[in-house]
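# Predicted structure and sequence below. I'll ask about it afterward.
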Amino acid sequence: MSEPQILLAAHEVAKHFGGVKALHDVSLTIRRGEIYGLIGPNGAGKTTFFNCLTGLYKNEGGHFVFDGVKLAADAPHKAAEVGIARTFQNIRLFGNMSAIENVMVGRHLRTHAGVLGAIIRNRATMAEEAAITRRAEELLHYVGIHERAHDLAKNLSYGDQRRLEIARALATEPKLLALDEPAAGMNGTETEALRILVEGICRDGVTVLLIEHDVKLVMGLCGRVAVLDYGEKICEDVPAVVQKDPRVVEAYLGGSVA
Amino acid sequence: MNDQLRRTVPWQRHWLAVVLITVVLLAVPFVAALGGQAWVRIANFAILYIFLALGLNIVVGYAGLLDLGYVAFYAVGAYVYALLASPHFGLHLPFWVILPLGAGVACLFGMLLGAPTLKLRGDYLAIVTLGFGEIVRIFLNNLNAPINVTNGAQGITLIDPIRIGDFSFADTTTIFGLQISGPQKYYYLLVALAIMVIIVNVRLQNSRVGRAWQAIREDEVAAKACGINTRNIKLLAFAMGASFGGIAGGVFSAMQGFVSPESFSLMESITILAMVVLGGMGHIPGVILGAILLTALPEVLRYGIEPLQDALFGRMIIDPESLRMLIFGLSMVLVMRFRPAGLWPSPQRRRELAESTR
């Protein structure tokens, strides 16, 4: 067992595509209740790290320990089951389902009704269905898009789609919420609203792992930050220190500027 | 807006529609009988196809898995019934044993098809399922040696009709001075079965499992990330769809009294799929409409073309059989061209198409 305040520990996680080393022995630890930032230039391996963590990719080396238990890194639905929920860089909603249905899908994992229950509609199934609907409505309220509950997900505005994806992820009752560039393509106002939302989520007891390009957002929001460059972790510390680290400056600005 | 309105209309206000539909459903076999028992049989097939199309709708419409071999399950159900209720093996089990058994065996075949195809999608899945359908048909055709199981291409004859005690669905009975023929009895049985499959479809659509199917259809990766075990849920879709195919096959066997591999060709699979797509994928009333149209249209053309040509030209110019398929094919092309979401798509699909063409 690891220390109780550590929620996620990555141990020398490695992943390569053919000859390209996308992740080279990346180790990091995320503590309970913090907002942890993962930054780096394009192609640094941030999303690959996410995909390994959530079981979409199978990492070749290393492993993850989540909540004191080693993750079986082969099935995304198992990652969701132990409490890791994620959003996607290029939003992946169920476009032809309504917003509320999208969130209801998120409840799948924590509910049990089967085919038989659905057909005979016994009391337990109906009660569960009502609870699913209620929870989905609450979550839409929580992220602030309840007015769009019955609109198709694909017809929502870009910012609302990001929010819906977060609501859907929260519906799985995660311990760790992994957000993959949630502010991409957002304007200043939207980013500010997102910052408030993420802070709220953290305050409500969900640890947040955040991949982001918007350095200002990351520095203002995150307690600690790790920097990836060419698949390697080059730095991990509080934002103020990371910002001044010469390797980080070099990775972002390129060449030997210093 | 419209949607909201529709949602708030209570069921009680639809009582008139319910009464009307009931009266029509009850009257159909007697009206059809005026044109001869052949029309009653056509009505029966229309309802059998509604049943099949709604079974396939679970796989294609809800879960989005393109299945071109659906007729295989229909065949399995038909042969299970035929083998267990005919002189072929000398077995005459009652229908209430065989129909569920047929559904069970078809369900097993559904999982057998589902398991190796779980990672395939779209075109690839279509090709594998197409092959599966053909394999089943070819097996049925050739399983008469070394041990004669299916009697090969000759098929199995003298299959028992559905019988409850002394009440056989094959004979004509007189109830209160009303003569009810065999096909007419099957009609009512089929309507009961069709209502059952409609209820199952409706209830599954807005359920935990139904939403999981739709999620997989929309985005499989996101569905996985939401914690859906896509393997099990897809297998469930195949199994459910196949079970309905199996039941339909059993009733088909009993109704016809004869099955042969010829009835389960690829064309049959495609017709059932066309009913789902043409009517409006995933939308129950649309699928029902598609099934009725695609069953009735060829028959109407069969009986209508000859007199029409006679009246127009005084003689036969084009062979009615080829003209029939030509019109049938052409009408399908036209529907898909001008109503790509199907004749009666779900309100959601319609909205979304309207938006994309705007």
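Cool, the structure landed.
# only C-alpha atoms for contact and neighbour calcs from this point on.
Noted.
# Can you tell me which residue sits nearest the middle of the chain?
Picked chain A for this. A:Ala178 (1.5 Å; Cα atoms, centre = their mean).
# that's the wrong chain, I wanted chain B
For chain B, by Cα atoms, centre = their mean, the most central residue is B:Leu52; offset 1.7 Å.
# With adjacent residues omitted, what lies nearest to that one?
B:Gly245 (5.8 Å; Cα to Cα, 6 or more residues apart in numbering or on different chains).
# what residues are up against the one you found?
Applying Cα atoms under 8 Å, 6 or more residues apart in numbering or on different chains, we find B:Gly245 in contact with B:Leu52, B:Gly55, B:Leu56, B:Tyr70, B:Val71, B:Phe73, B:Tyr74, B:Gly77, B:Ala103, B:Ala106.
# pLDDT value on it, please?
At B:Gly245, the model reports a pLDDT of 94.
# Likewise for the one 10 residues further on?
According to the predicted model, the pLDDT of B:Met255 comes to 91.
# how about the residue of the stretch 151-300 of chain B found nearest chain A, phi and psi?
With Cα to the nearest Cα, the shortest gap between the stretch 151-300 of chain B and chain A falls at B:Gly227, namely 3.8 Å. B:Gly227 adopts backbone torsions of phi 90, psi 10, taken as degrees, to the nearest 10.
# Just to check, it is in contact with A:Gly106?
Yes - counting by Cα atoms under 8 Å, B:Gly227 touches A:Gly106, with 7.5 Å between them.
# okay, these two: which has more neighbours?
The residue with more neighbours, out of B:Gly227 and A:Gly106, is A:Gly106; 32 against 28, by other Cα atoms under 10 Å in any protein chain shown.
# residues contacting that one?
Per Cα under 8 Å, 6+ apart, neighbours of A:Gly106: A:Arg168, A:Ala169, A:Leu170, A:Ala171, A:Thr172, B:Cys226, B:Gly227.
# now do A:Val26
So A:Val26 contacts A:Ala10, A:His11, A:Glu12, A:Val13, A:Ala14, A:Gly231, A:Glu232, A:Lys233 (Cα under 8 Å, 6+ apart).
# Please determine how far the closest residue to B:Pro345 other than its chain neighbours is located from A:Lys21.
Leaving aside its sequence neighbours, B:Pro345 sits nearest to B:Gly280 (Cα to Cα, 6+ apart; 4.3 Å). B:Gly280 is 47 Å from A:Lys21, where distance means Cα to Cα, to the nearest Å.
# now swap in B:Ile47 and tell me
Taking Cα to Cα, one finds B:Ile47 at 59 Å from A:Lys21.
# Likewise for B:Ala225?
25 Å.
# and these two? which has more neighbours close in?
Per other Cα under 10 Å, whichever of B:Ala225 and A:Lys21 has more neighbours is B:Ala225, with 28 against 15.
# Do I have it right that that one meets A:His77?
Yes - counting by Cα under 8 Å, A:His77 is a contact partner of B:Ala225 at 5.8 Å.
# all strands for chain A, in order.
Using DSSP state E, the strands found in chain A span residues A:6-17, A:20-31, A:35-39, A:61-66, A:69-70, A:84-86, A:176-180, A:207-211, A:224-229, A:232-237.
# Next, see if stretch B:61-78 gets close to chain A.
No - on the criterion Cα under 8 Å from any Cα of the partner chain, stretch B:61-78 is out of touch with chain A, staying 11.5 Å away.
# average pLDDT across that stretch?
92.
# repeat for stretch A:171-183
Rounded mean pLDDT across stretch A:171-183 is 93.
# Not counting that stretch itself, show me its contacts.
A:47, A:50, A:80-89, A:103-104, A:106-110, A:135-136, A:139, A:162, A:169-170, A:190-191, A:194, A:205-214, B:226-227.
# do stretch B:271-288 as well
Contacts of stretch B:271-288 (Cα under 8 Å, 6+ apart): B:49-50, B:52-54, B:56-58, B:60-62, B:68, B:198, B:201-202, B:289-291, B:294, B:332, B:335-336, B:341-346.
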